[in-house]
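S.K.: structure here, sequence nowhere to be found:
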């Protein structure tokens, strides 16, 4: 080989030094944003799903223990209720005990309500159990979506 051919091969090698570092610097923030986004939205979905299961269990409790309401005042579950408002409080308490696996800070910040609706001549009375929670992202600067409100509702007939 001649000296000119050797010099051109060496010059081409020198121009690609550091390209991998530049590509890594460009790709890393996008990759981290994607990974942290998946983790955060997974946490939000897990919290919402647990809330949904808790309000469904509260609804089942209301259907099964409906006779605890104003009609007889007590039932086998130990929830004595003299009015529909006290029965709704029992349903609310039961639903709040069904929040398995969530951190204590989440369960204390969550609002669970149970609201009875009166029966009509063509429709039985219902109980609406609702859970609401303001979900905050762990990395609010990275994912600027702010707190989102998670809501789960279950409406069951009281027959």
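M.R.: Noted; the coordinates are in hand. Please read these numbers as outputs of a predicted model, since none were measured by experiment.
S.K.: give me the mean pLDDT for the strand or helix carrying residue 86.
M.R.: Secondary structure from DSSP states H and E places residue 86 in helix 84-96. Averaged across helix 84-96, pLDDT comes to 87.
S.K.: now swap in stretch 63-78 and tell me
M.R.: pLDDT averaged over stretch 63-78 equals 60, rounded to a whole number.
S.K.: about what we covered before: name the residues of the helix holding residue 86 that are buried.
M.R.: Going by neighbour count (16 or more other Cβ atoms under 10 Å), the buried part of helix 84-96 is 84, 86, 87, 88, 90, 91, 92, 94, 95, 96. Yep, even glycine has a C-beta here, placed from its N, CA and C like the rest.
S.K.: next, format those as TSV and append distance to residue 119.
M.R.: Putting the buried residues of helix 84-96 into TSV (distance: Cβ to Cβ, whole Å) gives the following:
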residue	distance to residue 119
84	11
86	18
87	14
88	15
90	19
91	17
92	20
94	22
95	22
96	26
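S.K.: helices and strands around the helix holding residue 86, which ones?
M.R.: helix 19-64, strand 111-117, strand 125-135 (3 or more Cβ pairs under 8 Å, 6 or more residues apart in numbering; DSSP states H and E).
S.K.: most packed of the ones you listed?
M.R.: For the helices and strands packed on helix 84-96, ranked by mean neighbour count under the definition mean count of other Cβ atoms under 10 Å, the leader is strand 125-135 at a mean of 20.
S.K.: tell me the SS of residue 151?
M.R.: Look at residue 151: counting by DSSP: H, G, I helix; E, B strand; the rest coil, its state is strand.
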